[in-house]
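**Q** Prediction below, plus the sequence it came from.
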Amino acid sequence: MISSVGSYLKKHTEALVKEVGLEAACALTKKSKATLGRYYSDSEEHADRFMPIDAVAALEDAANYPHVTGALGELRGVALNYDNVPKNSRQGGVNSDVVALSQRFAMLMGEYTLSIEDGVISINEAKRLLRETQALQEVLVNMKLHLEDEAT
């Protein structure tokens, strides 16, 4: 049986591959589609197969977010301060961050309301909630960076 940690890492590995695109992921990692699929398969026969760290690094370099690194950090209780935008090119400030934060939170709550109507959150609904949660997290990171800029 696959552990909950293993399952969590496999889900984030799948998100990483899908963000980059399967064809591009194959080219970047020099792995076949089948091999990449095994790395995120929840099948019992592939429970002990995980993507090598050099392949993760190559894919995360091409992705907008370090999915696997973020998942590893979350598992250890470590918060990443990830910002793929150069510090001097961030737009707005704390006030615009507060507006964006409230808008993102409202979108998350709207998705949650729609998702829970029938009492069950489906896989697709969970994926939409995850996207909204990640967008909210990005706004919070931006806000944190703006606050740090003002504090110095």
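**A** Perfect, I can see it now.

**Q** now the strands for this structure?
**A** Counting by DSSP state E, the chain has no strands at all.

**Q** How is it divided into domains?
**A** 4-75, 87-151 (automatic domain parsing).

**Q** Show me how far the first one is from its chain's centre.
**A** Put simply, domain 4-75 sits 12 Å off its chain's centre (C-alpha atoms, centre = their mean, to the nearest Å).

**Q** Ends of that domain, what's the gap?
**A** End-to-end distance for domain 4-75: 11 Å, by C-alpha to C-alpha, to the nearest Å.

**Q** any idea which of the domains of the chain is most buried?
**A** The highest mean neighbour count among the domains of the chain, using mean count of other C-beta atoms under 10 Å, belongs to domain 4-75: a mean of 16. Placement of C-beta: from N, CA and C, glycine included.

**Q** Could you give the average pLDDT over it?
**A** Computed over domain 4-75, the mean pLDDT rounds to 93.

**Q** With residue 139 as the reference, measure out to residue 96.
**A** 10 Å (C-beta to C-beta, to the nearest Å).

**Q** In this structure, which helix is the longest?
**A** Longest helix in the chain by number of residues (criterion: DSSP state H): helix 123-151.

**Q** which strands and helices sit next to that one?
**A** Applying 3 or more C-beta pairs under 8 Å, 6 or more residues apart in numbering; DSSP states H and E, one finds that helix 123-151 contacts helix 94-116.

**Q** contact partners of the helix it packs on?
**A** 92, 121-122, 125-126, 128-129, 132-133, 135-136, 139-140, 142-143, 146-147, 150 (C-beta atoms under 8 Å, 6 or more residues apart in numbering).

**Q** Grab the most central residue of the protein for me.
**A** residue 67 (4.3 Å; C-alpha atoms, centre = their mean).

**Q** which one is that residue nearest to, not counting chain neighbours?
**A** residue 16 (4.0 Å; C-beta to C-beta, 6 or more residues apart in numbering).

**Q** mind listing what residue 42 touches?
**A** By C-beta under 8 Å, 6+ apart, the neighbours of residue 42 are 2, 7, 10.

**Q** just checking, which of these belong to helices?
**A** 7, 10.

**Q** With respect to residue 37, which of the contacts of residue 42 is nearest?
**A** Nearest to residue 37 among those: residue 10, at 10.6 Å, using C-beta to C-beta.

**Q** unless I'm mixing things up, residue 25 is touching residue 60, no?
**A** No - counting by C-beta atoms under 8 Å, residue 25 does not reach residue 60; the two are 11.0 Å apart.
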